[in-house]
Structure formats: C-alpha cells, structure tokens
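J.: Provided below for reference: sequence and predicted model.
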Amino acid sequence: MSNDSATDNFDTMTDTPILIAGAGAIGSILGGMLHDAGHDVTLLGRRAHMDAIARHGLKISGLLGDRTVNGMKLADDQARLAGRFDLILCAVKSYDTESIADALADRLTGDGLIVSMQNGLGNIESLSERFGRRRVLGARVIFGAEMPSPGAAHVTVFAQPVAIGP
C-alpha cells in the first residue's frame, strides 16, 4: 500500500483493519465514524472508557450528530490487541508518542501506514524514527471534542474536515 493508494482509495478500504491508538475524545469520534462507514475498527483506550463502550456502545453527540456506535473491537492494553493493522491512527497525547510507537511496532503490517492525528511538534518525527518516513502521514484535525463521561464523546467545534497527507 503506497501513500497515494492509502489517501486516494480510503473509501474502498473497508476490509482494512484500522487501529485507533489513543481512543480519547478525538480518537473515539474518528473510530466511531469510520466503523459506522463500514470499516473494521479497533479502539485502544483507557479501561473505564472501553468498558463503558462494551456495555452501552460509544455515544457520539454534538456537531456531527447524535449516534450510538456498537460492534467495534476494544482493547485497554496493547498486549490485548488481536492481529496486525494496515492503518493505525495515532491519537495519543504528544508525550506518549514514543512509548505508543514502541508498543505498536509489531502491530503495523509490512505495508501499513500510521497517521499522526495529534497536535504539537515532533510527533511525525518520532513516528518516522520508529516506522520509517514512507510509512508515516500527518493529519490536520480541526475539530474539538470532549468526553463528558466514559463511553461518550461530544463534538464541540467543527472548523474543517480532517485532511491526511504526507
């Protein structure tokens, strides 16, 4: 999978296993929307949030509409992830980038991509050191979200669609 095919043909990648590494507010919304669009999504996040989603589904509310998303694969520890992923969306806080990159190094398929969905400087560089420049993309995420409670994510601001590129 080249960078061009990943960005140009994303809508046809429904069988591609996707990992959301850092399923907080932004990561949960991205994962929930991708799952609702028919993609094979696994969320990796904090135990209380994953437990609440397992029990009642992911409740998304706010500017992108209200919905409950069920049926995603969930993990609260990298060791509990099943299989490998063709696409990893990295949505952890910047200070956790290096540790999540090390923890997920063997979870990305040989031709897979990892996308930094993060604010801050140095994230793409940290991921590139671990995965190589050709396998790392950056993203512009200009929507805001909060987690009012475990199992819920609320979109508070939506300025522009998410853009992904080299």
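T.: Received, thanks.
J.: residue ranges of the helices in the chain, please?
T.: Per DSSP state H, the chain carries helices over the ranges 3-8, 25-36, 47-56, 97-104, 123-131.
J.: quick one: L89 from P166, how far?
T.: Here the criterion is C-beta to C-beta, to the nearest Å. By it, L89 lies 16 Å from P166. C-beta: built from backbone N, CA, C; applies to glycine.
J.: neighbour-wise, which of the two wins?
T.: Using other C-beta atoms under 10 Å, the more surrounded residue of L89 and P166 is L89, with 28 against 12.
J.: Of the helices of the chain, give the one that comes closest to F158.
T.: helix 25-36 (10.3 Å; C-beta to C-beta).
J.: what angle separates the closest one from helix 47-56?
T.: 30 degrees (axes from the mean of the first three to the mean of the last three C-alpha atoms, to 10 degrees).
J.: want to throw the helices of the chain into TSV with distance to D111 and mean neighbour count?
T.: Formatted as TSV, the helices of the chain follow (distance: least, C-beta to C-beta, whole Å; neighbours: other C-beta atoms under 10 Å):
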stretch	distance to D111	mean neighbour count
helix 3-8	9	14
helix 25-36	20	24
helix 47-56	28	16
helix 97-104	16	18
helix 123-131	12	18
